[in-house]
Structures are given as C-alpha cells and as structure tokens.
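Q: Structure for the following, please:
(one chain, ligands or ions: 1)
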Amino acid sequence: MTIAIVVLISGRGSNLQSIIDAVGRGELPARIAAVISNEADALGLHRAQQAGIETRVLSHAGFADRNDYDLALRDLVSEFNPDLIVLAGFMRILGAQFVGRFEGRIMNIHPSLLPKYRGLNTHERALADGASNHGASVHFVTTNLDAGPIIVQSKVPIYADDSPEILAERVLQEEHRILPQAIRWFAEGRLSARDGRVLLDGETRPEQSLTSHRRHGIPN
Ligand code: GAR
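A: Okay, here's the model as predicted:
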C-alpha cells in the first residue's frame, strides 16, 4: 500500500527534498500528493515542481486571525485526502482547528533535542548555553508548540569553534536522515501515537530514542 502525503513548507525545502529523494529511490511506500507553502516565493515550491508534484500557496497574509487561516489550510489539505501531513520547515503555529482534524497524522521536524529549545533560533541558543551537544527531533504535532510526542531524535556534537551556521548544517544532515525514516515507519504502518505516547512496532518508544550522529540504534 502507498500512503498519500501532503508536505507543508515555508522556505528552502531541503527537508522536502530529502523526502522527494527517498520516494524517488523507492525507500518510502508513499507519494507526495501536494506541497503547500504559506510563502509564495519558497524555494521548496520549485523543488516540488521539478519533481512533478502539485503545489499550492496559501498565504497567511490575507487572513484576519490564525483561526481563519487554520480553517482554510485544513480545507485545502483535505482536498488531497492525505494519510500523513509532514511539516518540513513550516514556520507557522497550527491551532486546534487544524490539528484536531488530522490528530496523530501530522509530523514535524524541529532543529533541537526536544524538549530543549522549542521555537526559533535553536542553534544560537544551544551555542549561547555552552551546550556540548545539539540535534534534531521528529515528533507528532499537538496544539502545544514543539511539544508533541517524540518519534525519533538524532544528536550531534557541538565543537568549540562552531558558528550557528556550521552547527545548523551538521544538524540538517541528521534532519534529512530521520525525517524520511519516521515517514517510512508511518507508511509501513509501524508507527502510531496513542495517549500522548509513540508506538513503533507495537512497543512504546523509549524516553531516550536518541541516536548519536550515526545510524546505529535506529531500527530499519
Ligand atoms: C529546518 O532546519 C527545520 O528543522 C526547521 O526549519 C528548517 C527548514 O529547512 N523547522 C523549524 O524550525 C520548525 N520549528 P528546510 O526548508 O531546508 O527544510
């Protein structure tokens, strides 16, 4: 069985590209039904078009409040009948109107080891704290910002001479690995969220599902 995915983006779309590439290599039993951006000039829209994927822009600019935008986005996404919605650099907070419709079927990639550094500027904040490591998390989306149940994380070291840009690039490499991995688990019917916890192959995901910068520790 092949699942239908809608990917929401706001910008560059490198995580989107990692999904497109994984589908192209036959690694995901999935098809990307549409890519939707809230920004008309998002580079990710071009990546989708290059891959022959339908694109839509729904700008938040014309909406009086967040609730109205959520409702419009909910209706647009619903047109594509997705089994899974992936937030891949989608820089808007989604409220109950949207999340309630697709509960347990929305995933987000976030550039930190959640629950550390929810929100923006995660790399700068990790460096300012003098942290020794940092990373990325894929989690199911709830109405609480960057706080839904965690599916998989990957940890990277922080070096003394790191700049935010260099650290971001190191984290991004891991994002491009764990996001397709989480989508694959979902597409294979192995992953679900129940009572705020994540199940993989029927087992509750351990509190620490961290992997250290490399592949070991992640089931295939
Ligand atoms: C990624 O680093 C992603 O984790 C982050 O935005 C970047 C998008 O890059 N997302 C968030 O911060 C969401 N809170 P991309 O457009 O190249 O995939």
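Q: tally of neighbours for residue 59?
A: Summarising burial for residue 59: neighbours were counted as other C-beta atoms under 10 Å, giving 11. Yep, even glycine has a C-beta here, placed from its N, CA and C like the rest.
Q: Over to residue 4?
A: There are 16 residues near residue 4, going by other C-beta under 10 Å.
Q: helices and strands around the helix or strand where it lies, which ones?
A: Using DSSP states H and E, residue 4 maps to strand 3-9. On a contact count with 3 or more C-beta pairs under 8 Å, 6 or more residues apart in numbering; DSSP states H and E, strand 3-9 meets helix 14-24, strand 30-37, helix 43-50, helix 66-78, strand 84-87, helix 164-187.
Q: any idea which of these is most buried?
A: Stretch with highest mean neighbour count among the helices and strands packed on strand 3-9: strand 84-87 (a mean of 24; mean count of other C-beta atoms under 10 Å).
Q: buried sites along the next helix or strand after it?
A: Next helix or strand after strand 84-87 toward the C-terminus (DSSP H and E): helix 96-99. Burial within helix 96-99, assessed by neighbour count using 16 or more other C-beta atoms under 10 Å, is assigned to 97, 98, 99.
Q: quick one, what contacts whichever residue of the chain sits closest to the ligand?
A: Per C-beta to the nearest ligand atom, residue 89 is where the chain lies closest to the ligand, at 2.7 Å. By C-beta atoms under 8 Å, 6 or more residues apart in numbering, the residues touching residue 89 are 9, 10, 11, 12, 13, 14, 15, 16, 44, 109.
Q: Quick one: neighbours of the third one, just the number.
A: The one in question is residue 11. 18.
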